[in-house]
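Participant: The following comprises the amino acid sequence and a computationally predicted model.
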2 protein chains.
Amino acid sequence: MNVKRWLPCLDWAASYNRVTAGKDGLAAVIVTLMLIPQSLAYAMLAGLPPITGLYASIAPLLLYAIFGSSRTLAVGPVAVISLMTAAALAPMFPPGSAAYIGAAMLLAALSGLILLLMALLRLGFLANFLSHPVISGFISASGLLIALSQLKHILGVKADGQTVLQLVPSLAEQIPYINVPTLVIGGLSLLFLQLARTRLKSSLLAVGCTPVWADSLTKTGPVLTIIASVLVVTFGHLESSGVQVVGSIPKGLPILRLPTMDWQLTMQLLPAAVLISLVGFVESVSVAQTLAAKRRERIDPDQELVGLGAANIAAAVSGGFPVTGGFARSIVNFDAGAKTPMAGVLTAIGIAITALFFTPLFHNLPHAVLAATIIVAVLSLVDLGSLKRTWRFSKQDFIAQAATILGVLLMGVEIGIVMGVSLSLLLFLWRTSRPHSAVVGQLPGSEHFRNIERFSVIQSEFVVSLRVDESLYFPNARYLEEGITELMVEYPHCQYLVLMCSGVNLIDASALDSLEAIAERLTAAGVQLHLSEVKGPVMDQLHRSEFLRHFGGQVFVSQYAAMQTLDPASVARSAELST
Amino acid sequence: MNVKRWLPCLDWAASYNRVTAGKDGLAAVIVTLMLIPQSLAYAMLAGLPPITGLYASIAPLLLYAIFGSSRTLAVGPVAVISLMTAAALAPMFPPGSAAYIGAAMLLAALSGLILLLMALLRLGFLANFLSHPVISGFISASGLLIALSQLKHILGVKADGQTVLQLVPSLAEQIPYINVPTLVIGGLSLLFLQLARTRLKSSLLAVGCTPVWADSLTKTGPVLTIIASVLVVTFGHLESSGVQVVGSIPKGLPILRLPTMDWQLTMQLLPAAVLISLVGFVESVSVAQTLAAKRRERIDPDQELVGLGAANIAAAVSGGFPVTGGFARSIVNFDAGAKTPMAGVLTAIGIAITALFFTPLFHNLPHAVLAATIIVAVLSLVDLGSLKRTWRFSKQDFIAQAATILGVLLMGVEIGIVMGVSLSLLLFLWRTSRPHSAVVGQLPGSEHFRNIERFSVIQSEFVVSLRVDESLYFPNARYLEEGITELMVEYPHCQYLVLMCSGVNLIDASALDSLEAIAERLTAAGVQLHLSEVKGPVMDQLHRSEFLRHFGGQVFVSQYAAMQTLDPASVARSAELST
């Protein structure tokens, strides 16, 4: 049982059969064709040689198939994580250098170790603290930033920068040096890929193509673009006209070797590795959960940490860079009928065969085409309409989302995500530091007590009842103290204060100290504190402290019972009013 | 009105009269006598020349009197903040050097700016996130660490270290080199000061002393110790026997000058400055609030940030180091009858007179006596019994407290407090990521719905009602999704799921996304989602989104109304059962 928990593959491997294998095989072929251009492109985005993209799409897929809990997640290099890799490494080493490659492997290793550590400490819940508006803002802004950063390849110029503020002037300066053949190839690729994504399927169906063929042709769009562009460059001898191409890629499988081991570099990369791990985990778990829910399967977030951790360690020792579950790729895998992680294993075999035999075919592949692949993929993730929906629904969420977007665009991915998460966490902490509470009175003719601001209720003249609607713990303990002080100023004739604890699920040590301070101050001011409707577990807790012995009041089963004891006249008045 | 809010001194200055002045004056004399040895001692603890302690007790007090909101808080150097100053600076510069002094001033400036920035952004609530068990553990452990670090002065040896692990072996090595005259002076001082604190007053009363005299004599204990030790050293020529003394202290008031301005150093000191600001603020606000409550006065935490910020800026430009409101000192001030911050102004004048005229008197003051002053003061703050009380009340709080204590003792003050705060925050986030919820059923013969695990209630066969007891926001949104998935597995015959939202005060954008996902998945599984008892503000919020139009169910005013519509037979059964 325990082994199965840690090795989800035992679950599906036992009942694996030929029908499933056929479905997995078909999905693997489609995903492989999609993954080849993507892995080359994302390696370029990460500032790494193209071959590392293929390497990052072999061993990590195998490891995820063994340890991952999602049946259809397709792991490998993804846009945002590649951008974050470049953002972390570009300021340290020249892109593509041996030191850069070693550091990218180290980054994958760190990211893998962090994910495994989170699994061990069961810290998967931390991913919840990346709120949806922050993630959505981060993905949109990163998409825009990535598209902008790839524009130089479409224009055939050199430009650098980690932010919009650096990229735009750098590109503007280069306008006089645009390489026309590159621009033509890049522009046509962009156009074709975008049309393939949005229109091709319906057009093919319209001209009488069968749905299966229409679908397959659409998905091979990027591969067709690549083939066409390689042919054009080769036979047009465009390399001599200044069209930048991928160049020679070594043939063969990755050699297993350890990443750069350097304590100082490790410390420098650690913050980036933490961010990459968290973002990668959140992106991956969101996709995995969406897909699992569609087929009533379950994924286990803590096991996903193990799966992704193992995948990244595999990337680190096989010449790759940080990987995670890709959004578009997983959906394609799911739609193509993948049933088990065996589809991932078969995809890895497909990529391995490519690395072994077909890399020379990519020599004349233009950078512009890879850039077009990236741009079309990332722009489909940009959803600025979300900003408007968030604004309407919650101003606080909007602030966090807007800060994330501006942060990413103007200050870079790392600062952007840190700003967004910090701000949403800060706003969350601010909210939780103010417990919701209401002064309540009796609804005439009932035993119910409701907020005096929303209902016309009977209030006692010398008993004030305060309903606390949240658990009491250190973030809001002091606020309660202050609130009650204010309340006593508002009700100078108060003799009894009843804290109605129906919404309190927990009291921690700080809140207990505050309750003691409140009781003491109230006593000094001639007011007696009572409690009502204290839940069972909270009562057990209070019994383990001195509070109940010293606070001087009573604990009433219900607010009604409290009022019957403390101010029977008011209860009687309420009964009268209803008749 | 607004000016008064920012300048609380206008409040009390208007009605200031001779009676109040007399009371403030008396308190000032007593606090000055207490502050002189303390400020010299805490300067030594901070690794600074003694005179800086006096400097830190002049200008900061004046500024706090103008901007602070507490009437009786006594500001100046305190033990924990001095220890944190030493912990931040000792690894960078030789203690007592000009660079060290400049950096200490910079640290005060940074701390002041951080406090003012927190005031501007109204971030005073952040102090709530230092939970009581963490603060109490921090103060106890720091007390032990400080006492241990001062032991070298009592023994007359040299020893170094920031943690118990460094200090204990370092002291053990030095045992053969103990300076006996120093040990005698230090030991006797310790003994006398401890007895003065615990026994002197009752003994004096027993021998017929009047209470006023007994009290005053007790409070002058440290001053008497100082005078006696100076006389002994001077007339016994003990300096030549190896008794370390304070030495010559320059006479005069501090010259206003800017601290070291260095961008790199600023960045290095920033983390320490943040910790010093937060710890200082929490310590100060706790004391101020306790004292204010005793006299039914109010303090305003955001205004306290301004007061303490101004005090630290004052310390920074007048040759001082980080300051805050002291615990023991403020209580003495309060007990001595101080009525307004004018007592602080008069204390500052007392210290200024000391700096102008009396510093030569301290030439022969032994370090051992200052160390004894510190040790007695800090050991009185150690409260290890708190650990036991916390253990009984809450295991989570205990973990955070124990981690703080061990962290401070074994890894130093900065790491210790960061560990404690991070751990308590992490545990808090973990708790808030699991919203409290319960499946409910109808109490026979009533319209109430209660937890099926605690009450014998009637449950419908095909309606499941889930009461959510907390607001829904990003930390717990995913948990709700998972919880409902589990629930549907548990209740395979469920046709309607009613979310009873009586405990939900807020839904944020992430939770809205989760609710949409939940509704969609339930629909796919043939279950219809309904809501009941949604509060007014939450309903307003939902109306600003598309959710209500698309989720496919109804919003019922009460859970009872929901059951009447969805399963009248079950409601009828409940009514039957009660008769």
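Facilitator: Done, it's in.
Participant: what about residue A:191, neighbour count?
Facilitator: A total of 12 residues lie near residue A:191 under the criterion other Cβ atoms under 10 Å in any protein chain shown. Where C-beta positions appear, they are placed from N, C-alpha and C, glycine not excepted.
Participant: Which helix or which strand is home to it?
Facilitator: helix A:180-195 (DSSP states H and E).
Participant: Now that helix: average pLDDT?
Facilitator: Helix A:180-195 shows a mean pLDDT of 92 in the predicted model.
Participant: Tell me the first helix or strand C-terminal of it.
Facilitator: Past helix A:180-195, heading to the C-terminal end, the next element that is a helix or strand (DSSP H and E) is helix A:201-206.
Participant: in that following helix, what's buried?
Facilitator: By 16 or more other Cβ atoms under 10 Å in any protein chain shown, the buried positions in helix A:201-206 come out as A:201, A:204.
Participant: tell me the mean pLDDT for it?
Facilitator: For helix A:201-206, mean pLDDT is 82.
Participant: List the contacts of it.
Facilitator: The set of residues that contact helix A:201-206 without belonging to it, under Cβ atoms under 8 Å, 6 or more residues apart in numbering or on different chains, is A:211, A:213, A:214, A:215, A:217, A:218.
Participant: quick one: the closest residue to residue A:495 other than its chain neighbours from residue B:316, how far?
Facilitator: Sequence neighbours aside, residue A:462 is the residue nearest to residue A:495 in space, at 4.3 Å (criterion: Cβ to Cβ, 6 or more residues apart in numbering or on different chains). Separation of residue A:462 from residue B:316 (Cβ to Cβ, to the nearest Å) stands at 52 Å.
Participant: Among the two, which residue is more densely surrounded?
Facilitator: Higher neighbour count among residue A:462 and residue B:316: residue B:316, with 28 against 13, using other Cβ under 10 Å.
Participant: Cross-check the contact I'm expecting between the more buried one and residue B:109.
Facilitator: Yes: in this structure residue B:316 lies within contact range of residue B:109 using Cβ atoms under 8 Å: 3.6 Å.
Participant: and for these two, which residues touch both?
Facilitator: Shared contacts of residue B:316 and residue B:109, defined by Cβ under 8 Å, 6+ apart, are found at residue B:259.
Participant: Could I get the average pLDDT for stretch A:539-555?
Facilitator: Regarding stretch A:539-555, the rounded mean pLDDT is 90.
Participant: mind giving me the domain ranges of chain A?
Facilitator: A:2-384, A:437-578 (automatic domain parsing).
Participant: Deepest-packed of the ones you listed, please.
Facilitator: Across the domains of chain A, averaging neighbours per residue (mean count of other Cβ atoms under 10 Å in any protein chain shown) puts domain A:2-384 on top, at a mean of 20.
Participant: rewinding a little: and the residue nearest to residue A:495, what does it touch?
Facilitator: Residues near residue A:462 by Cβ under 8 Å, 6+ apart: A:493, A:494, A:495, A:496, A:567.
Participant: any idea how far the helix of greatest length in chain A is from the chain center?
Facilitator: Taking DSSP state H as the assignment, the helix of chain A that covers the most residues is helix A:263-294. For helix A:263-294, the gap between its own C-alpha mean and the chain's C-alpha mean amounts to 8 Å (Cα atoms, centre = their mean, to the nearest Å).
Participant: could you measure the spatially most central residue of chain A against residue A:324, distance?
Facilitator: Most central in chain A under Cα atoms, centre = their mean is residue A:282, positioned 3.0 Å from the mean C-alpha point. Look at residue A:282 and residue A:324: by Cβ to Cβ, they are 9 Å apart.
Participant: One more: residue A:208?
Facilitator: Here the distance between residue A:208 and residue A:324 works out to 40 Å (Cβ to Cβ).
Participant: And residue A:42, by the same measure?
Facilitator: According to Cβ to Cβ, residue A:42 and residue A:324 sit 11 Å apart.
Participant: which residues do these two both contact?
Facilitator: Counting by Cβ under 8 Å, 6+ apart, the contacts common to residue A:42 and residue A:324 are residue A:78.
Participant: returning to what we had before: surely the residue nearest to the centre of chain A meets residue A:130?
Facilitator: Yes: under the criterion of Cβ under 8 Å, residue A:282 is in contact with residue A:130, at a separation of 4.9 Å.
Participant: so where is the stretch 151-300 of chain A shaky, pLDDT-wise?
Facilitator: When residues are selected by pLDDT under 70, those of the stretch 151-300 of chain A lie in A:293-294, A:296.
Participant: check contacts around the residue in the stretch 251-400 of chain A that chain B sits nearest to.
Facilitator: In the stretch 251-400 of chain A, the residue that lies nearest chain B is residue A:397 (4.0 Å; Cβ to the nearest Cβ). Contacts for residue A:397 (Cβ under 8 Å, 6+ apart) come out as A:131, A:133, A:390, A:424, B:508, B:509, B:510.
Participant: Give me the neighbour count for the third one.
Facilitator: When you say that, I think you mean residue A:390. Residue A:390, neighbours per other Cβ under 10 Å, totals 25.
Participant: distance of residue A:89 from residue A:162?
Facilitator: Summarising the geometry, the distance separating residue A:89 from residue A:162, computed by Cβ to Cβ, is 11 Å.
Participant: now do residue A:216
Facilitator: Relative to residue A:162, and taking Cβ to Cβ, residue A:216 is found at 39 Å.
Participant: Now stretch A:400-412: buried residues?
Facilitator: Going through stretch A:400-412 with 16+ other Cβ under 10 Å, the ones that come out buried are A:400, A:401, A:402, A:403, A:404, A:405, A:406, A:407, A:408, A:409, A:411, A:412.
Participant: Okay then, goodbye and thanks.
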